[in-house]
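A.B. asks: Sharing a model prediction with you, sequence too.
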Amino acid sequence: MAAPGRVAAFRLPPLPTIGEIIKLYRLKAQRQLSQNFLLDLRLTDKIVKQAGELKNAHVCEVGPGPGGITRSILSADVEQLLLIEKDARFIPGLQMLSEAAPGKVRIVHGDILTYKMEKAFPKHLKKDWEDEPPDIHIIGNLPFSVSTPLIIKWLENVSKKDGPFTYGRTQMTLTFQKEVGEVDVAVVHFTPLVQPKIQQPFELVEKVVRSVFQFRRKYCFRGLETLFPESGRLKRTEQLMMTANVDPTLRPFQLSMSQFRNLCNTYRKMCDEDSSLFVFDYREELKQKKTTRNLLKSTSQPEQTEEEDQL
């Protein structure tokens with residue numbers, strides 16, 4: 001019995017195991033979607049603990065799948081749990097969990113990349129950006145197929161203080177898995193900063209970082225070249241790296257935050273001096289080159305041989 005004056009913590013009733021749920025609904029992880037099921041509730045409990053205190057919190061779980069992490073979240077005695085699941089195969093099993101926790105679970109069959117999170121939580125939970133984070137958490141076991149575009153989307157939301165960050169500095173606890181079939185996971189807990197370390201528009205920062213890591217195994221000079229048109233590319237890349245005080249022979253993963261900040265600030269000045277620079281698209285340049293080559297091939301005629309003349 002609970003101690004006098006204390007409310008007993010929420011407990012899920014006895015339920016089929018995650019493995020039994022998978023068999024019951026004939027679920028199978030799809031390799032092409034880089035899905036991987038977490039079956040060990042001891043592991044999912046550890047993942048959820050990384051989010052911090054969740055009692056009476058409002059939580060959104062992204063891609064709950066068969067519901068392993070979902071059970072651990074509910075066992076943490078949250079106030080409300082929003083589940084956003086794109087794969088219809090998992091909905092019946094999640095509905096079973098919803099029935100086991102009356103009034104706590106809301107299921108949305110949809111895509112997190114397009115779901116509007118501005119209205120996902122009660123208005124009274126909103127905090128000013130400078131305040132402590134709101135009692136709102138995003139938790140997710142992200143497959144490779146969605147992790148990169150989703151993280152980029154959320155980072156843009158942070159910079160604009162919209163989406164799930166309409167409510168303030170919403171915290172995220174995200175699990176990144178290795179190949180399907182492995183259970184090694186990396187759990188990363190994010191809390192947005194009050195002030196960003198790089199004071200530039202998100203689109204500019206994203207473009208610079210994406211360019212640096214475009215050739216992640218090569219020197220960073222190679223990736224930064226793609227920020228500039230072919231005409232004057234070498235000179236401008238050298239100017240960027242010299243002004244930013246970045247060694248061109250460093251690999252992308254060796255660059256520090258201050259070096260990325262210098263690169264972004266310097267690139268911004270170069271864009272201010274040349275308004276056409278920021279809209280330059282390296283991939284579009286490659287595509288146009290390929291189109292031109294193909295056009296030249298299709299319009300040029302090979303010389304006739306003597307044998308062909310006789311025919």
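C.D. replies: Nice, thanks for sending it over. Residues are numbered from 1 along each chain as shown.
A.B. asks: list the contacts for Phe215?
C.D. replies: Arg222, Gly223, Pro252 (C-beta atoms under 8 Å, 6 or more residues apart in numbering). Any C-beta I mention is one placed from the backbone N, CA and C, and that applies to glycine too.
A.B. asks: just the residues you listed now: which is nearest Thr243?
C.D. replies: Gly223 (17.0 Å; C-beta to C-beta).
A.B. asks: which stretches of the stretch 51-200 of the chain form strands?
C.D. replies: With strands called from DSSP state E, counting those that start in this stretch, the stretch 51-200 of the chain shows them at 58-62, 80-85, 105-109, 136-142, 171-177, 185-190.
A.B. asks: mind giving me the domain ranges of the protein?
C.D. replies: 18-190, 202-282 (automatic domain parsing).
A.B. asks: Turn these into CSV, columns for mean pLDDT and distance to Arg11.
C.D. replies: Shown next, in CSV, are those (pLDDT from 0 to 100; distance: least, C-beta to C-beta, whole Å):
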stretch, mean pLDDT, distance to Arg11
domain 18-190, 89, 7
domain 202-282, 96, 43
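A.B. asks: Of the ones you listed, which is nearest Asn294?
C.D. replies: Nearest to Asn294, of the domains of the chain and by C-beta to C-beta, is domain 202-282 at 18.4 Å.
A.B. asks: Quick one: closest of the domains of the chain to Leu12.
C.D. replies: Once the domains of the chain are compared by C-beta to C-beta, domain 18-190 is nearest, at 5.5 Å.
A.B. asks: Ends of the closest one, what's the gap?
C.D. replies: Using C-alpha to C-alpha, to the nearest Å, the end-to-end distance of domain 18-190 comes out at 28 Å.
A.B. asks: Please apply the same query to stretch 171-187.
C.D. replies: First-to-last residue span, stretch 171-187, C-alpha to C-alpha: 13 Å.
A.B. asks: ok, now stretch 175-187?
C.D. replies: Counting by C-alpha to C-alpha, you get 4 Å between the two ends of stretch 175-187.
A.B. asks: With neighbour count, distance to Pro64 and secondary structure added, can I get the contacts of Phe215 in a markdown table?
C.D. replies: A markdown table is the format used below for the contacts of Phe215 (neighbours: other C-beta atoms under 10 Å; distance: C-beta to C-beta, whole Å; DSSP: H, G, I helix; E, B strand; the rest coil):
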| residue | neighbour count | distance to Pro64 | secondary structure |
| --- | --- | --- | --- |
| Arg222 | 17 | 40 | helix |
| Gly223 | 22 | 36 | helix |
| Pro252 | 20 | 33 | helix |
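A.B. asks: Many thanks, I have nothing further to ask.
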